[in-house]
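> need a structure here:
(2 chains)
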Number of protein chains: 2
Amino acid sequence: MIRVIILGAGNVAKHLYTAFYNQKSVEVVQCYNRKGLPLHPDQKENTIIQDFSALQEADIYILAVSDDAIEEVSNLLPFTNKLIVHTSGSVPMNALANTNKRGVFYPLQTFSKDKTVDFSTIPFCLEAENETDLMLLKELSTTLSNKVYEISSEQRNILHVSAVFVNNFTNYLFSTANDICNEHDVPFEILHPLILETAQKITKMNPDLAQTGPGIRNDSKTINRHLKIITDTTQQELYKTLTKAIQSKYGKKL
Amino acid sequence: MIRVIILGAGNVAKHLYTAFYNQKSVEVVQCYNRKGLPLHPDQKENTIIQDFSALQEADIYILAVSDDAIEEVSNLLPFTNKLIVHTSGSVPMNALANTNKRGVFYPLQTFSKDKTVDFSTIPFCLEAENETDLMLLKELSTTLSNKVYEISSEQRNILHVSAVFVNNFTNYLFSTANDICNEHDVPFEILHPLILETAQKITKMNPDLAQTGPGIRNDSKTINRHLKIITDTTQQELYKTLTKAIQSKYGKKL
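Numbering: from 1, shown residues only, chains lettered A, B, ... in the order given. Reported below is the predicted structural model:
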């Protein structure tokens, strides 16, 4: 049995609590957050604490707090030499106070408040200062997922910037297409199957081989027609920048 | 029974042939292409023609040829007053020769050579000069899919430019992330679940509500750290343009 304490009350904290709640080999001993909020409707009241001094013994203390709070919270813990981990993609492991044994337990996924999370498909990126702690984090991760990776703070940074491209920027492209459709009374839902297929394709094919469209075809007739359809200057700039980037990468020029 | 003739030998022609092949209510009478290639290993030889003069009677002639060839091929057809349709997202219906009755039969999806297509999830965007032909195209589409839309040439243009954003540009973002990961020996596959979830989310949530990341959070510390990690100038420009666009759309500035 791995005894865990979760600190924080955000999406990651809540989804992790719910996931561990159903695991026989994991016990969430306590949850700490400033407001004393439960992480789950079924959580027992006596496992919710608002005071660091009430923290009990555990094998792993998971700091599922915002990036900016990680260092501060790690410095407020009233014990030493325990395993404390954060769950952030962008904060280095050594941002944690060195009074405890440090690690990272980063589930690489986008978490929404109201959407159930299937952890079995989520990659866990782990890091620890020593092999014993790394093994314990692996044991904890594999209760939820079989996609477990040992990732250094430097590599995690690379993953984080890459995630901005494939998640934040991609979503912005979806929002732009949504705006263009709405402006002309075309139902955006017609594009849903294309969006899903574009994503699914990438799990089976190198993105360079999946690249299509007027940019890589050097189809200036279509590009110019599209630029006339788009009237918003930000959307136009985005279209030009991406088309130029595609042409520059795949060796063709306007 | 709808009698169909397919002209062309590209991905769309092949996938449509395969899809119709299994439909009891559709008969693909003939297939035309210059080289006389079969569209399917099981296709009977006597249904493959290389000469327009050999074209038989059919209810619908589907010109699944490249955008540039649509007008030319439609002018070479040795008959008049038949229903001819093209399958392009970007070519107006009236690019087809007006010696025949014209229409559009546009399956909005990205087709790959070697990947099986499930047409039941694909939206068909239809257009025709008259109601009778439109009804026939609807009948043909519904043998394959229940997502059938009546879309004008103008609306199709809007869908086509939007498809460039959600498919071509999105794939380019995936390829950029793939490059960044490869350069630093991080397995790109770790990002697959995030990519799939980003796409799936959009089918249930407005993209504006799904927007997250350092751009919308105005998190200049993370943005600057990312810009230091990215060394390629095209990637940097792309990161800056997209971040600026996100901040401009959601009302926050650097």
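> the stretch 1-150 of chain A against chain B: which residues are in contact?
A:67, A:90, A:108-110, A:112, A:115, A:121-123, A:125, A:147, A:149 (CB under 8 Å from any CB of the partner chain). C-beta coordinates here come from the backbone N, C-alpha and C atoms, glycine included.
> out of the residues you listed, which are buried?
A:67, A:90, A:108-110, A:112, A:122-123, A:125, A:147, A:149 (16 or more other CB atoms under 10 Å in any protein chain shown).
> what's the helix or strand for the residue lying closest to residue A:149 once chain neighbours are set aside?
Nearest non-adjacent residue to residue A:149, counting by CB to CB, 6 or more residues apart in numbering or on different chains: residue A:125, 5.3 Å away. For residue A:125, the element it lies in under DSSP states H and E is strand A:124-128.
> packing partners for that strand?
For strand A:124-128, the elements it packs on are strand A:101-107, helix A:131-142, strand A:148-150, helix A:153-163, judged by 3 or more CB pairs under 8 Å, 6 or more residues apart in numbering or on different chains; DSSP states H and E.
> mind running it again at 10 Å?
Secondary-structure packing of strand A:124-128 (3 or more CB pairs under 10 Å, 6 or more residues apart in numbering or on different chains; DSSP states H and E): strand A:83-86, strand A:101-107, helix A:131-142, strand A:148-150, helix A:153-163.
> how about residue A:117, phi and psi?
In terms of degrees, to the nearest 10, the main-chain angles of residue A:117 are phi -110, psi 130.
> again with residue A:49
Reported as degrees, to the nearest 10, the phi and psi values for residue A:49 are phi -130, psi 160.
> residues contacting it?
Residue A:49 is in contact with A:5, A:7, A:30-33, A:36, A:55-56, counting by CB atoms under 10 Å, 6 or more residues apart in numbering or on different chains.
> rerun that using 7 Å as the cut-off
A:30, A:32, A:55 (CB atoms under 7 Å, 6 or more residues apart in numbering or on different chains).
> kindly indicate which of the buried ones among the residues of the stretch 1-150 of chain A next to chain B lies nearest residue B:73.
residue A:110 (45.6 Å; CB to CB).
> picking up where we left off before, can you list the buried ones among the residues of the stretch 1-150 of chain A next to chain B in CSV and add distance to residue B:217?
As requested, those are arranged in CSV below (distance: CB to CB, whole Å):
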residue, distance to residue B:217
A:67, 10
A:90, 12
A:108, 18
A:109, 18
A:110, 14
A:112, 16
A:122, 22
A:123, 23
A:125, 21
A:147, 27
A:149, 26
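> looking at pLDDT only, which of those scores worst?
Minimum pLDDT for these is recorded at residue A:112 (80).
> what's around residue A:131, how many residues?
Residue A:131 is flanked by 8 other residues according to other CB atoms under 10 Å in any protein chain shown.
> ok, it to chain B distance?
For residue A:131, the distance to chain B equals 21 Å [CB to the nearest CB, to the nearest Å].
> quick one: which of the contacts of residue A:49 is nearest chain B?
Using CB to the nearest CB, the shortest approach to chain B within the contacts of residue A:49 belongs to residue A:32, at 24.2 Å.
> confidence score at that closest one?
For residue A:32, the predicted pLDDT is 98.
> which one is it nearest to, not counting chain neighbours?
Excluding its sequence neighbours, the residue lying closest to residue A:32 (CB to CB, 6+ apart) is residue A:7, at 4.5 Å.
> tell me what the residue nearest to residue A:149 is bridged to.
residue A:106, residue A:149 (DSSP bridges).
> contact partners for it?
A:104, A:106, A:108, A:149, A:151, A:156, A:159.
> list the contacts of the second one.
Applying CB under 7 Å, 6+ apart, we find residue A:106 in contact with A:87-89, A:124-125, A:156.
> out of the residues you listed, grab the one that's most surrounded.
Most neighbours among these, by other CB under 10 Å: residue A:124, with 26 neighbours.
> grab the nearest non-local neighbour of that residue.
Distances taken as CB to CB, 6+ apart place residue A:141 nearest to residue A:124, at 4.0 Å, with adjacent residues excluded.
> can you tell me how far that neighbour is from residue A:130?
Distance of residue A:141 to residue A:130, computed by CB to CB, to the nearest Å: 17 Å.
> low-confidence stretches in the stretch 151-254 of chain A?
A:252-254 (pLDDT under 70).
> tell me how many other residues crowd residue A:251.
Around residue A:251 there are 8 residues (other CB under 10 Å).
> sec struct for it, please.
Three-state assignment for residue A:251 (DSSP: H, G, I helix; E, B strand; the rest coil): coil.
> so who does it touch?
Contacts of residue A:251 by CB under 7 Å, 6+ apart: none found.
> do the helix or strand containing residue A:228 and chain B meet?
Following DSSP H and E, one finds residue A:228 within helix A:220-229. Yes: Helix A:220-229 comes into contact with chain B (CB under 7 Å from any CB of the partner chain), by way of A:222, A:226, A:229.
> run through the residues that contact the second one.
The neighbourhood of residue A:226, defined by CB under 7 Å, 6+ apart, consists of A:239, B:161, B:164.
> before I go, just wanted to say thanks for your time.
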